[in-house]
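1. Below: sequence and its predicted model.
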Amino acid sequence: MATHKLLLLPGDGIGPEVMAEVKKVVGWLDSHGFASFSIEEDLVGGAAYDENGVPISDDAMAKAFDADAILLGAVGGPKWNTVGFDVRPEAGLLRLRKDLQLFANLRPAVCYPALAEASSLKRDLVEGLDVLIVRELTGGVYFGEPKTITDLLDGQKRAVDTQVYESYEIERIARVAFELARTRSNRVVSTEKHNVMKTGVLWKQVVSEVHGSEFSDVQLEHQLADSCGMQLVRNPKQFDVIVTDNLFGDILSDVAAMLTGSLGMLPSASLGSVEEISGRRRALYEPVHGAAPDIAGKGLANPIAMIGSLGMAMRYSFGLGEAADKLDAAIAGVLAQGYRTADIYSDGMTRVGTTGMGDAILAELGKAG
Ligand SMILES: NC(=O)c1ccc[n+]([C@@H]2O[C@H](COP(=O)([O-])OP(=O)(O)OC[C@H]3O[C@@H](n4cnc5c(N)ncnc54)[C@H](O)[C@@H]3O)[C@@H](O)[C@H]2O)c1
Ligand SMILES: CC(C)[C@H](C(=O)O)[C@@H](O)C(=O)O
Ligand SMILES: [Mg+2]
């Protein structure tokens, strides 16, 4: 059996708490013969800054380049509000995404039947929801230059962020979205702001060209991003795959998370291209949520987004689709039995903390054999 090199970067806040639960699942898969893992661990975010003065060290980056997959908890928190912009915790995560060229960020929002009541929308709007947001992750306003704050002569300040997209960046993310749509309901909504942004004009044009030349069997619709946000909360089940840029994808995926009950439910996969020589695809898996400083250290965090991210690693990096199905079924099983962390709790359910939820998922996996 192949041994998969896994790098764990727990990070800050609830990151280490949810990572502890995923470690149990990794251990279970290993000891039950589903997979063999060699595991390394390192610091990222504020934890790395405190130790090394940078939010990710070159040594940790070298481990990231060497790994078959990276699992990241979360970064950030008020403790680092005043550190320099270039060394803030989030910059560690951005360096990983950029240097590893993880341009395709898949954020599936699935509403488990047992959780339809936990959504902020009515049950009939979210029951059976299965949307995939495909977010461009290495371009756009996150990385465009110039990115500055300057002092003006009159004592005012000017801040500049720059949104830049080149056509190849749009082409490759569009292909990922169309290819994934073919494995689902074959529908893509591409979203941007072509009514005000030049990058939106190019985005719409390139997505249409890729569609016309390679994917005309897939249904394509263009929606303006503000309208898409509105449609996501008006009638979310109209969507199958949404493809969008870095910033709109960040915002729309937090919105989609609440449709499923909680930000604590949404996993994600950040993927690069398949490399020609090794045949390997660089990949980082992380929950969509952040370090949640308001609940950190209290044992309250929902570990399902983190455990679901391991499920995505099993599917996209390790070819362990069957084991990933088992893990998804175990998560659905514990939710159906009424186990709930505080963020998805409702009357009459069994309230558990982070470790309680992790243990319940392990017990359910054990039953499945
Ligand atoms: N990928 C990442 O590492 C990532 C993602 C988002 C935000 N952040 C960082 O995290 C810090 C806090 O950001 P924020 O508060 O805006 O967003 P957040 O996602 O950390 O938290 C938003 C809300 O959701 C709740 N929440 C989040 N995850 C949860 C979970 N697993 N279980 C239960 N409740 C959960 C939190 O308690 C909070 O009320 C910031 O520094 C931000 O930059 C990091
Ligand atoms: C922490 C931050 C840099 C990150 C982003 O904005 O991409 C986060 O919000 C996310 O959704 O992964
Ligand atoms: Mg975000």
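-> Arrived safely. Ligands and ions are numbered 1, 2, ... in the order given.
2. So residue 232 sits against residue 257, correct?
-> No: look at residue 232 against residue 257 with Cβ atoms under 8 Å: they stay out of range, at 10.7 Å. C-beta: built from backbone N, CA, C; applies to glycine.
3. the more surrounded of those two?
-> The neighbour count for residue 232 versus residue 257, taken as other Cβ atoms under 10 Å, is higher for residue 232 (25 against 21).
4. which strands and helices sit next to the helix or strand the more buried one falls within?
-> Using DSSP states H and E, residue 232 maps to helix 225-234. Here helix 225-234 touches strand 187-192, strand 241-244, helix 246-259, going by 3 or more Cβ pairs under 8 Å, 6 or more residues apart in numbering; DSSP states H and E.
5. now for the shortest one, which elements pack on it?
-> In this case it means strand 241-244. Partner elements for strand 241-244 (3+ Cβ pairs under 8 Å, 6+ apart): strand 130-136, helix 167-182, strand 187-192, helix 225-234.
6. how about those in a markdown table, adding distance to residue 88?
-> Output for these, formatted as a markdown table (distance: least, Cβ to Cβ, whole Å):
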| stretch | distance to residue 88 |
| --- | --- |
| strand 130-136 | 21 |
| helix 167-182 | 25 |
| strand 187-192 | 28 |
| helix 225-234 | 26 |
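7. Out of the ones you listed, flag the one nearest ligand 2.
-> Counting by Cβ to the nearest ligand atom, ligand 2 lies closest to strand 130-136 out of the helices and strands packed on strand 241-244; the figure is 8.2 Å.
8. The following helix or strand past that closest one and ligand 2 in contact?
-> Where DSSP H and E defines the elements, the next helix or strand beyond strand 130-136 is strand 144-151. No: interface with ligand 2: strand 144-151 contributes nothing (Cβ under 6 Å from any ligand atom), its closest point being 13.7 Å away.
9. residues near the spatially closest residue to residue 145 that is not a sequence neighbour, how many?
-> Nearest residue to residue 145 in three dimensions, chain neighbours excluded: residue 162, at 5.9 Å (Cβ to Cβ, 6 or more residues apart in numbering). Per other Cβ under 10 Å, the neighbour tally for residue 162 reads 13.
10. Quick check: residue 42 vs ligand 1, distance?
-> Note on residue 42: its distance to ligand 1, by Cβ to the nearest ligand atom, to the nearest Å, is 15 Å.
11. Which residue, other than its chain neighbours, is closest to that residue?
-> Closest residue to residue 42 apart from its sequence neighbours, by Cβ to Cβ, 6+ apart: residue 60 at 4.0 Å.
12. Need the three-state assignment for the one you found.
-> Counting by DSSP: H, G, I helix; E, B strand; the rest coil, the backbone at residue 60 sits in helix.
13. list the contacts for it?
-> Residue 60 sits next to 9, 42-44, 48 when contact means Cβ atoms under 8 Å, 6 or more residues apart in numbering.
14. got it, and residue 64?
-> For residue 64, the contacting residues are 7, 9, 70, 96, 99-100, 284, by Cβ under 8 Å, 6+ apart.
15. and those, which of them are in strands?
-> Applying DSSP state E to the contacts of residue 64, the entries found in strands are 7, 9, 70, 284.
16. Which of these ranks first by neighbour count?
-> Using other Cβ under 10 Å as the neighbour test, those are led by residue 9, with 30 neighbours.
17. Please, where are all the helices along the chain?
-> In the chain, the helices defined using DSSP state H lie at 15-31, 46-52, 58-66, 89-99, 123-126, 167-182, 198-214, 225-234, 246-259, 304-316, 321-336, 354-368.
18. out of the ones you listed, which comes closest to residue 150?
-> Nearest to residue 150 among the helices of the chain is helix 89-99; the distance by Cβ to Cβ comes to 20.1 Å.
19. That closest one - what's its average pLDDT?
-> Mean pLDDT, computed over helix 89-99, is 98.
20. Flag every residue of the stretch 251-369 of the chain that's near ligand 1.
-> 262-264, 286, 289-295, 301-302, 305, 343.
21. re earlier: most packed of the helices and strands packed on helix 225-234?
-> Of all those, strand 241-244 has the most neighbours on average by mean count of other Cβ atoms under 10 Å, namely a mean of 28.
22. Mind checking if it is in reach of ligand 2?
-> No: using Cβ under 6 Å from any ligand atom, we find that strand 241-244 stays clear of ligand 2, coming within 12.7 Å at best.
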